[in-house]
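# Sequence plus the predicted model coming up.
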Amino acid sequence: MPYRILIVEDEADTGEMLAVQLGLDGYRVDTVANGHEALQRLAGGDYDVILSDFWMPGMNGEALYGHIQQGWPHLAPRVLFMTADRPAGGIQATYGGAPVPTLTKPFSIEQLRQAIARVIAPDI
């Protein structure tokens, strides 16, 4: 059964491009435009990986991660952030004392594949 990925990306073109590529790689992919939509999807679905933009209007990735830790703690180690501009103080969200994995835009599809493989590694 293929892994399910939830992409949380406020830039529609970026979200669509990621969804197409990951779909071609065999993943089942859903895309939402913000953190609030992500929480609705998480309440009604089961995902293996959450790939989230860090800077989004309304609820940034760090706030979304806090909700995930509270409502779906089993998914906390399955979150990957994407950002073009890291915050000055660094990303404060952590799991097990380590920062949440972050891909810096632009990143290659191979970097994305490797990051996803690392978060699903315990299942393989």
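It's in.

# Mind checking which residue lies nearest the centre of the chain?
Within the chain, the residue whose C-alpha comes closest to the C-alpha centroid is Leu51; the distance, by C-alpha atoms, centre = their mean, is 1.6 Å.

# Is that one in a helix, a strand, or coil?
strand (DSSP: H, G, I helix; E, B strand; the rest coil).

# unless I'm mixing things up, it is touching Tyr3, no?
No. Counting by C-beta atoms under 8 Å, no contact exists between Leu51 and Tyr3, whose distance comes to 11.5 Å. Every C-beta, even on glycine, is put in place using the N, C-alpha and C of the backbone.

# Name the residues contacting each of those two.
Here Leu51 and Tyr3 share the contacting residues Ile116, scored by C-beta atoms under 8 Å, 6 or more residues apart in numbering.

# From Arg4, how far out is the residue nearest to the centre of the chain?
11 Å (C-beta to C-beta, to the nearest Å).

# In stretch 61-80, which of the residues would be classed as buried?
61-62, 64-65, 68, 72, 75-76, 78-80 (16 or more other C-beta atoms under 10 Å).

# now these as TSV including pLDDT and secondary structure?
Listed next are the buried residues of stretch 61-80 as TSV, based on pLDDT from 0 to 100; DSSP: H, G, I helix; E, B strand; the rest coil:
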residue	pLDDT	secondary structure
Gly61	90	helix
Glu62	87	helix
Leu64	95	helix
Tyr65	93	helix
Ile68	95	helix
Trp72	95	coil
Leu75	94	helix
Ala76	92	helix
Arg78	94	helix
Val79	95	strand
Leu80	94	strand
